[in-house]
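Asker: Next come a sequence and a model predicted from it.
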Amino acid sequence: MDQLVATVVPIFAAGFAIQQFLEIIDPIVVRLIGERDKKLILGIVSLISGLMIAFGTGLRVLAPLCIYSEFQEGHYFDLLDALITAFIISAGTEGINSVMKFLGYAKESKKGDAAALKAWVSRDEDAKDIMYRMDRKREK
């Protein structure tokens, strides 16, 4: 989990920096281009910034989350990982918040699985015996 936090924090910081940069250039874009195309221009600037950060710094979000694919051993997985990281960074703090929500849901799911297993073990005498033996073996 420490490695995951160490990976997510720089991505969050980069997304926050892009968000702040867009806040600064927003009035300039409105003055130069107008309100009509502002969202498009800021979105393109944000995506280009995210791509530059992801490819330039080597930040990746999928590998630390242990999301694997058939291409992981090759160049394709790293390219996909960099693109997804760029999209998350370009979304600002909203992108990393989505990742954090996913991690929260995964954590809650594991807690639920552990509670269900504990309830099952408490009803099954053979499972209780196995758990007792495992605990005694750890104590030695």
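Answerer: Everything's here; your move. Numbers count the residues shown, from 1 in each chain.
Asker: buried set for the helix or strand harbouring residue 31?
Answerer: In the assignment (DSSP states H and E), residue 31 maps to helix 2-32. Neighbour counts over helix 2-32 (16 or more other CB atoms under 10 Å) mark 7, 8, 11, 12, 14, 15, 18, 19, 22, 29 as buried. Every C-beta, even on glycine, is put in place using the N, C-alpha and C of the backbone.
Asker: ditto for stretch 110-127
Answerer: Under 16+ other CB under 10 Å, stretch 110-127 has no buried positions.
Asker: and it, how far out from the chain's middle?
Answerer: Centroid separation for stretch 110-127 versus its chain: 30 Å, with CA atoms, centre = their mean, to the nearest Å.
Asker: cool, stretch 28-43 as well?
Answerer: 29 Å.
Asker: same deal with stretch 80-98?
Answerer: Using CA atoms, centre = their mean, the offset of stretch 80-98 from its chain centre is 8 Å.
Asker: and the gap between the residue lying farthest from the centre of the chain and residue 132?
Answerer: The C-alpha centroid of the chain is most remote from residue 125, which lies 40.8 Å away (CA atoms, centre = their mean). Separation of residue 125 from residue 132 (CB to CB, to the nearest Å): 10 Å.
Asker: try residue 58
Answerer: 48 Å.
Asker: now residue 93
Answerer: Residue 93 is 48 Å from residue 132, where distance means CB to CB.
Asker: again with residue 77
Answerer: Going from residue 77 to residue 132 by CB to CB gives 43 Å.
Asker: These two - which one has more neighbours?
Answerer: Using other CB atoms under 10 Å, the more surrounded residue of residue 77 and residue 132 is residue 77, with 18 against 10.
Asker: What pLDDT is listed against the more buried one?
Answerer: Looking at residue 77, its pLDDT is 77.
Asker: repeat for residue 93
Answerer: On the pLDDT scale, residue 93 gets 70.
Asker: pretty sure it is touching residue 15, no?
Answerer: Yes. Contact status for residue 93 versus residue 15: in contact at 5.6 Å, counting by CB atoms under 8 Å.
Asker: Could you list the low-pLDDT ranges of this structure?
Answerer: Flagging of the chain using pLDDT under 70 yields the residue ranges 1-4, 65-75, 95-100, 102-107, 113-114, 117, 120-121, 140.
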